[in-house]
Each structure stands twice: as C-alpha cells, then as structure tokens.
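Undergrad: I'd like to go over a predicted model; first the sequence, then the structure.
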Amino acid sequence: MHALSASQLLSVWERALGRSHAERALALLAPACPEMSAEELARLSVGRRDALLLTLREWTFGARLSGRAPCRACGEPLEMSFEVSDIRAAQIVSASAPDAESLTLSVDDYEVHFRLPNSQDLSAIADARGSGAGDDLTDARGHLLARCVLRVVEHGEERGPGGGLLPERVREALEARMAEADPQSDVQLALSCPSCGHRWSVAFDIVSYFWGEISAWAGRTLREVHTLASAYGWREEDILAMSPRRRHLYLEMVS
C-alpha cells in the first residue's frame, strides 16, 4: 500500500462521482493497493477495508481529524477534533483466513458459521434498498445476515444457510460477535455538550468523511490548476506534480 499522488487522487475523485458508498471506498483503495486485486479488496471485511482507508487518509491529509455535530438535546453545534490513532482499532479477527471466511458462534443450542460483512454485501444491500426490495433498516439487517450466515446447526442438525432461520436472541449475539471480530467497522465517538451537559455517541464513517475531504480538496485544486494554467500556460499534469507549497507560492505571485 502506498500514498496517492495529487493526479491519482483527482482521477479517483472524478471516476467515483455518482458512485455508491462501497464503490467509492474500493475506488480509493485500488490505486493505493496495487498488490491486491479488485476481488480481494471487495472481499475484505468492512473493518479491514476501513482500517486501510484510515491509513490512506492519514497519509493524504494528516493525522488530525475534525468536524461538527449538533447536540441531540439542545441543538448547540459541537466542535470535535481527534487523532487517527484515537479511532484506530486493533484487528482481532480470529479466523485463519485473511478474508475471515470462517467464524463460528455457539449460542444455546445453535452453532452458526458465518463470515464478516464486506463491500460486496454493502453494495448488494444498497441495490436492494434502491430497488424497493428492502427499504428499511430491518430489511437491510436481515439481508446482511442472510448473505453472511453460511451454515446453521440446531441441536446437532443442519439447517442450512441464512440469518432468517435464527431467533432474535441468536441474531443479536451474532451481530455482537461480528462487531467484536471486526471492531474498525463500527467506530463510535463519545460526545459531551458543554452547554447542556448531554452525553451521546455518534458513528464515525471514514468513507464518507474521507470522501467529503477529497471533494473539497478537488475543488480547490482544480481552481489552482485553472489559475496557474491561465497565467503560465502550464499543463495540468505539471501543475499537479508540484508540491502544494510550490503551487501556493506561484499562486501568491499570480494574485
């Protein structure tokens, strides 16, 4: 894995405009991880994929992250700032296979063989919800488990694949086991409002956060390219090959 150049980042941004959440994640990782095929990247668990994206974000924009969130009690906007290291989770998948295709959970009289969700699963769920086949969180949850549950044994008898065969208590235990095995897939930020004292947690999604930063960066960079190309007649690839510091100095002279 390696960092992306300015030219590569712009190309990814352009290609992934209008693409789904999961497709954007894979589009970012493909040029950064040339040692892995597209299929291998798509089969990475969501947590392992997001861990790679977190590293790529650190290499691209630095270790510091910041944002704003309204208080859920009083609506006061809350500024938050943290380091990549604060939300980087240890990967504790216990399966022997690198893509975690074989995990087992035993609950009561059930033995559930499952794998961790990956980008292919998220894309399939998004397609189903987009077509109206599953338009709420309950349907999405059931669809995800149906894809990830490989085999169910009850009282020693085979019941086949699919999360729909499981009682609610087993489904809840399975979801908890998935989160435990792939902790980077569910990052929660603990927030506290300085105005009213309300405390709550909010999910942090590295794909959406990183993509928002890239979109803002792309807009600024294209304006810089336009300014310098208009002033000096330079090609886009030559301007992008400059360090940000050098581009900034030229822009100061132009202005």
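TA: Noted; the coordinates are in hand.
Undergrad: and residue 201, helix, strand or coil?
TA: Assigned state for residue 201: strand (three-state reduction, DSSP: H, G, I helix; E, B strand; the rest coil).
Undergrad: residue numbering should commence at 425 henceforth.
TA: Let's use 425 as the start, then, which means that last one is residue 625.
Undergrad: partner residues bridging it?
TA: For residue 625, the beta-bridge partners are residue 614 (DSSP bridges).
Undergrad: show me the protein divided up by domain.
TA: 430-513+612-678, 527-605 (automatic domain parsing).
Undergrad: how far off centre is the longest one?
TA: Put plainly, it is domain 430-513+612-678. Taking Cα atoms, centre = their mean, to the nearest Å, the mean C-alpha location of domain 430-513+612-678 is offset from the chain mean by 11 Å.
Undergrad: residues touching residue 568, list them.
TA: By Cβ atoms under 8 Å, 6 or more residues apart in numbering, the contact list for residue 568 reads 541, 545, 549, 587. Every residue, glycine included, has its C-beta placed from N, CA and C.
Undergrad: centroid residue for this structure?
TA: Among the residues of the chain, the one closest to the centroid is residue 631, at 3.7 Å (Cα atoms, centre = their mean).
Undergrad: ok, for that one, nearest residue in space, not its chain neighbours?
TA: residue 449 (4.7 Å; Cβ to Cβ, 6 or more residues apart in numbering).
Undergrad: same question, residue 444
TA: Distance criterion Cβ to Cβ, 6+ apart; nearest residue to residue 444, sequence neighbours excluded, is residue 550 at 5.4 Å.
Undergrad: quick one: that neighbour is in a helix?
TA: Yes - assessed by three-state DSSP, residue 550 belongs to a helix.
Undergrad: residue contacts, it?
TA: Applying Cβ under 8 Å, 6+ apart, the residues contacting residue 550 are 444-446.
Undergrad: ok, it to residue 654 distance?
TA: Note on residue 550: its distance to residue 654, by Cβ to Cβ, to the nearest Å, is 40 Å.
Undergrad: burial measure for residue 640, as a count.
TA: Other residues near residue 640 come to 10 when the count uses other Cβ atoms under 10 Å.
Undergrad: just checking, it is part of a strand?
TA: No - assigned with three-state DSSP, residue 640 falls outside any strand and is helix.
Undergrad: so what pLDDT did it get?
TA: Listed pLDDT for residue 640 reads 97.
Undergrad: roughly how far apart are it and residue 646?
TA: For residue 640 relative to residue 646 (Cβ to Cβ), the value is 11 Å.
Undergrad: for residue 489, same thing?
TA: From residue 489 to residue 646 the distance is 24 Å (Cβ to Cβ).
Undergrad: the two: who's more crowded?
TA: Neighbour count, other Cβ under 10 Å: between residue 489 and residue 646, residue 489 has more, with 22 against 15.
Undergrad: element containing that one?
TA: Using DSSP states H and E, residue 489 sits within strand 488-494.
Undergrad: what of residue 476?
TA: Assigned by DSSP H and E, residue 476 belongs to helix 470-485.
Undergrad: angle of that helix against strand 488-494?
TA: Using axes from the mean of the first three to the mean of the last three Cα atoms, to 10 degrees, one finds that helix 470-485 and strand 488-494 are set 110 degrees apart in direction.
Undergrad: can you tell me which helices and strands helix 470-485 packs against?
TA: Packed against helix 470-485 by the contact rule (3 or more Cβ pairs under 8 Å, 6 or more residues apart in numbering; DSSP states H and E) you find helix 445-456, helix 508-511, helix 543-554, helix 630-656.
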